[in-house]
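*Asks:* sequence and predicted structure below; questions after.
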Amino acid sequence: MMKFLDKAAMKQDNDTGSRLPCTVTQVEGAKLITGMTMIWLVTLIPSTIWAQINTLFVKQGTTLDRHLGSTFQIPAASLGSFVTLTMLLSVPMYDRYFVPFMRKKTGNPRGITLLQRLGTGFFIQILAITFAYAVEVRRMHVITMHHINGPKEIVPMTIFCLLPQYVLLGVADVFNAIGLLEFFYDQSPEDMQSLGTTFFTSGIGLGNFLNSFLVTMVDKITGSNGGKSWIGDNMNDSHLDYYYAFLLVMSALNLGVFLWASNRYIYKRESREMKDEFPELEGKAIDLLP
């Protein structure tokens, strides 16, 4: 992939001293950045899914029974702490058990490759949004059974039915969030290590922006011409299940694109093979034989 960039390091017969082609190091660096950009693009949808933790999941929780005991009500946003708790428990288990087990199976020092780690996290995210869709379908069924219409009416379902989707997203973050930071830092060119952090943080920021854009556009489109908005102010008279189904389809398609891109990605170690085999080419242009 991206072999066309090799032409930039090939010295043509008509090259003069005033116009030198790029060095092998520069070309390999350009390949790495181009490949990282392609992977970065397919991480935007997972970042959008992660943004649901502080947005729609919370709105969904405010409509459910939040009583813990006879008088105390837990805040709907407090379930987000289970994402952090799940990560704290899962990271040691990942390093202590998962990596050694997979290392024996694959022979890879990391257990699985960086992109396989990301793909696993993306798949777990799909399971999380699938569970969120199933819970929302059940919530809508209970709303119909009890004839609930008011925006402040409480649906007779415990808020803890949302807990599995938070836990699954916490497990997915062990693969995604940590894997993404490791991938971008590890694959950045040697003299541009800070680029990895830039890729990581910008992906999260743009994913949150994309989430806000999708919510706004879906609300306007579905609520136009007197239709029932999927994400209206009254969550008891909306179709949040349709929106979750929309996110589920997008996530599945994005996973397919990710698998296509990862199969064509060349890791930095592989890109160094030419330098290791031909160290005399380091910092030089490649002569194109007649």
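*Replies:* Now that the structure is in, tell me what you want to look at.
*Asks:* which residues of the stretch 151-290 of the chain fall in strands?
*Replies:* Using DSSP state E, counting those that start in this stretch, the strands found in the stretch 151-290 of the chain span residues 155-158, 286-287.
*Asks:* buried stuff in stretch 164-176?
*Replies:* Residues of stretch 164-176 classed as buried: 164-176 (neighbour count, 16 or more other Cβ atoms under 10 Å). C-betas here are computed from N, CA, C, even on glycine.
*Asks:* got those as TSV, with distance to R96 columns?
*Replies:* Converted to TSV, the buried residues of stretch 164-176 look like this (distance: Cβ to Cβ, whole Å):
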residue	distance to R96
P164	24
Q165	26
Y166	23
V167	19
L168	21
L169	22
G170	17
V171	15
A172	19
D173	18
V174	12
F175	16
N176	20
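*Asks:* save those as a markdown table, and put in distance to I33 and pLDDT too.
*Replies:* Formatted as a markdown table, the buried residues of stretch 164-176 follow (distance: Cβ to Cβ, whole Å; pLDDT from 0 to 100):
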| residue | distance to I33 | pLDDT |
| --- | --- | --- |
| P164 | 38 | 94 |
| Q165 | 35 | 94 |
| Y166 | 35 | 95 |
| V167 | 36 | 95 |
| L168 | 33 | 95 |
| L169 | 30 | 94 |
| G170 | 31 | 93 |
| V171 | 31 | 94 |
| A172 | 26 | 94 |
| D173 | 25 | 92 |
| V174 | 27 | 92 |
| F175 | 24 | 92 |
| N176 | 21 | 90 |
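*Asks:* just give me the closest of those to M36.
*Replies:* M36 has its nearest neighbour among the buried residues of stretch 164-176 in N176, at 15.8 Å by Cβ to Cβ.
*Asks:* so the closest one touches F123, yeah?
*Replies:* No. Using Cβ atoms under 8 Å, N176 makes no contact with F123, being 10.4 Å away.
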